[in-house]
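In: got a structure for you, letters missing:
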């Protein structure tokens, strides 16, 4: 009896070892595929690509049904359609493909991001928060874009190059109404204002509220096409908003804005500083 037990135990041990080896490989394989699919879905979330994918799903179902019932004419038409789509899809999905390749190139699929030194990030966040609060009180519209891993040279060149040290006073002066630089976006790299009056791409998201103006659409557009962070002050309502990865966060207060900028541009540690009276 003891020998039988030992033999069964040995066989079970070998089987479990073999099964665990196969199971581990399969699990890793499934997890990698699931992770990639999840990241791809995040890239197209809230864009027109979602509707296009639904259309492709309808065509796939139609192809399967026509093949099952041997509908020759429909099969022929769908076959020609798929041939045309093979050429058209890269053009239709160009914005999404570009964003995916940019994120892959900067390591965005794995959560990597560029950060500023703690003191520099504190300085930038504090001055921007002060300027935003002042502009908000006076209902002065403004659009600020902060570069991270993806370069924004093409947008910098569309405006007026400044290369000035960032400060509350300079930001307020740039967006003073009826001045030459107030219309357009100010692009900031590190602790310096690279350019002002820059033109940005507008969002391609069809679900954006019609109540949002050009500044908000430009903020969403630049964050859809890069890893930049944008801060918007509404001219009509004075509301302070932030755009990140094509998503708009509205109704920020000075302290909230300062902390979020620290988290996104710096080390992410909580920063406390005496507020300017």
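Out: Sure, I can see it. Predicted, not measured: the structure shown is a model, and the values here were computed from it.

In: which residues of the stretch 1-150 of the chain score low on pLDDT?
Out: 1-9, 11-23, 43-51, 92-96, 98-116 (pLDDT under 70).

In: repeat that with 90
Out: Under the criterion pLDDT under 90, the flagged ranges of the stretch 1-150 of the chain are 1-60, 62-64, 66-122, 148-150.

In: So which residues of it form helices?
Out: For the stretch 1-150 of the chain, the helices defined by DSSP state H, counting those that start in this stretch cover 2-44, 49-68, 72-92, 94-105, 118-137.

In: Next, the distance between the ends of stretch 151-162.
Out: Using CA to CA, to the nearest Å, one end of stretch 151-162 lies 17 Å from the other.

In: mind listing what's buried in that stretch?
Out: Residues 152, 155-156, 158-159, 162 are the ones in stretch 151-162 that count as buried (16 or more other CB atoms under 10 Å). Yep, even glycine has a C-beta here, placed from its N, CA and C like the rest.

In: now do stretch 227-247
Out: Within stretch 227-247, the residues that count as buried by 16+ other CB under 10 Å are 227-235, 240-246.

In: For residue 204, state which of those is nearest.
Out: Taking CB to CB as the measure, residue 204 lies nearest residue 246 of these, at 9.3 Å.

In: which residue packs closest to that closest one, ignoring adjacent ones?
Out: Once flanking residues are discounted, residue 246 sits nearest to residue 224: 4.0 Å by CB to CB, 6 or more residues apart in numbering.

In: wait, that neighbour sits on residue 200?
Out: No. If you go by CB atoms under 8 Å, residue 224 and residue 200 don't touch, sitting 10.5 Å apart.

In: Only the buried residues of stretch 196-216, if you could.
Out: Here stretch 196-216 shows 196-198, 200-205, 208, 212, 215-216 as buried, counting by 16+ other CB under 10 Å.

In: likewise stretch 142-152?
Out: For stretch 142-152, the neighbour count (16+ other CB under 10 Å) marks 142-150, 152 as buried.

In: how far out from the middle of the chain is that stretch?
Out: Here stretch 142-152 is found 12 Å from its chain centre; the criterion is CA atoms, centre = their mean, to the nearest Å.

In: mind checking the end-to-end distance for that stretch?
Out: Start-to-end span of stretch 142-152 (CA to CA) is 18 Å.

In: Wait, a strand at residue 193?
Out: Yes. Judged by DSSP: H, G, I helix; E, B strand; the rest coil, residue 193 forms part of a strand.

In: Quick check: the gap between it and residue 118.
Out: Distance of residue 193 to residue 118, computed by CB to CB, to the nearest Å: 21 Å.

In: tally of neighbours for residue 258?
Out: Look at residue 258: counted by other CB atoms under 10 Å, it has 25 neighbours.

In: same question but for residue 141, I mixed them up
Out: Residue 141: 18 neighbours (other CB under 10 Å).

In: what's the closest non-adjacent residue to it?
Out: Once flanking residues are discounted, residue 141 sits nearest to residue 235: 3.2 Å by CB to CB, 6+ apart.

In: For the one you found, give me its contacts.
Out: Applying CB atoms under 8 Å, 6 or more residues apart in numbering, we find residue 235 in contact with 139-141, 213, 215.

In: With residue 193 instead?
Out: The contact partners of residue 193, by CB under 8 Å, 6+ apart, come to 162-166, 170-171, 174, 186-187.

In: Give me the pLDDT for it.
Out: According to the prediction, residue 193 has pLDDT 95.

In: cool, and residue 210?
Out: If you check residue 210, the pLDDT there is 83.

In: ok, now which ones touch it?
Out: By CB under 8 Å, 6+ apart, residue 210 has no neighbours at all.

In: That one should be in a strand, yeah?
Out: No. Counting by three-state DSSP, residue 210 is not part of a strand but coil.

In: Quick check: it vs residue 200, distance?
Out: For residue 210 relative to residue 200 (CB to CB), the value is 19 Å.
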